[in-house]
Each structure stands twice: as structure tokens, then as C-alpha cells.
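Engineer: no sequence on hand, only this structure:
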């Protein structure tokens with residue numbers, strides 16, 4: 001993670017944003033088109049919303065610096081996936097998207113201190 005000047009934002013939040021930046025770039029490099037980022041509604045937040053060959057992809061990003069409490073992918077719980085599903089339906093309505101194919105992906109960023117980060121894209125994760 002770069003050493004940006006302190007802007008009063010907690011380190012954990014900066015680290016998560018950095019992971020989302022890596023994930024967004026990884027997905028765009030793979031040919032997906034970024035439509036929205038950090039979209040909020042009462043059901044929760046959508047980290048990344050993308051398009052992949054006519055399909056809308058709702059992507060949850062998990063960034064971790066250790067596996068002390070499990071892998072990044074293991075932190076995507078049933079409760080979290082339910083919130084993402086509800087938020088995704090609200091995003092589709094808010095953007096006046098009629099019927100379309102959707103997919104729910106997870107991108108994990110594992111970045112142990114002093115090592116290069118590893119980015120993994122799990123298509124159709126839930």
C-alpha cells in the first residue's frame with residue numbers, strides 16, 4: 001500500500017480502499033467495464049458493479065493482510081451475500097435496468113506486510 005499522507009481516514013478503511021482499487025484494475029484489465037463503485041442504499045453497499053459481455057456483475061471485494069481470522073473469501077458470509085443480493089436488486093431498479101443476466105463475484109486481495117499482493121477473482125461465487 002502506498003504511503004499517502006494521513007487524511008484522517010482510519011488505516012483499515014484506507015487499506016480496504018486500496019484493495020478495491022487493485023480489484024477494479026484487475027477486473028478492468030480482464031475486460032470488464034466498471035459501471036459503479038461503492039454504491040450505497042439502505043440494504044448495504046456494493047463494492048463494484050461491472051459489465052461483462054452483456055451481464056451485470058456485482059462484485060464483493062475482500063482485502064486482508066493475514067489469515068489469522070480466515071482467508072479473505074471465507075469472510076463473505078451468507079448474511080453478507082444476502083445483503084449484496086438485496087442491494088443489487090435495488091441498484092438494478094435505481095438504474096432502470098429491466099431483465100438482464102447477473103453474476104455475483106468475489107475478488108480477494110491478500111497482502112501480507114512486506115509481500116506483493118495476490119489478487120484472486122472468483123466468478124459466480126454466490
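Structural biologist: Nice, I can see it. Because the structure is predicted, anything quoted here is derived from the model rather than measured.

Engineer: where does the residue nearest the centre of the chain land in three-state SS?
Structural biologist: In the chain, the residue lying closest to the centroid (CA atoms, centre = their mean) is residue 61, at 2.7 Å. Put simply, residue 61 is strand when judged by DSSP: H, G, I helix; E, B strand; the rest coil.

Engineer: for it, which residues are in contact?
Structural biologist: 16, 19-20, 23, 47-48, 106-109 (CB atoms under 8 Å, 6 or more residues apart in numbering). Just so you know, the C-beta spots here come from the backbone N, C-alpha and C atoms, and that holds for glycine as well.

Engineer: now do it, the pLDDT please.
Structural biologist: According to the per-residue confidence, residue 61 scores 98 in pLDDT.

Engineer: which two among the contacts of residue 61 are spaced furthest apart?
Structural biologist: 16 and 106 (14.3 Å; CB to CB).

Engineer: among those two, which residue is more densely surrounded?
Structural biologist: residue 106 (24 against 17; other CB atoms under 10 Å).

Engineer: can you confirm the more buried one is in a helix?
Structural biologist: No - under three-state DSSP, residue 106 falls outside any helix and is assigned strand.

Engineer: which ones are touching it?
Structural biologist: So residue 106 contacts 59-62, 73, 76, 121-122, 125-126 (CB under 8 Å, 6+ apart).

Engineer: please redo it, this time with the cut-off set to 10 Å
Structural biologist: Contact partners of residue 106, counting by CB atoms under 10 Å, 6 or more residues apart in numbering, are 23, 47, 59-62, 72-73, 75-76, 80-81, 84, 120-126.

Engineer: ok, now how distant is it from residue 93?
Structural biologist: Distance, residue 106 to residue 93, using CB to CB, to the nearest Å: 23 Å.

Engineer: I'd like to know which helix or strand in the chain has the lowest mean pLDDT.
Structural biologist: Among the helices and strands of the chain, helix 11-29 carries the lowest confidence by mean pLDDT, DSSP states H and E, at a mean of 95.

Engineer: what sits up against that one?
Structural biologist: Outside helix 11-29, the residues that reach it (CB under 10 Å, 6+ apart) are 1-2, 4, 6-7, 9-10, 32-34, 37-38, 47-48, 50, 52, 57, 59-65, 72, 105-111, 117-121.
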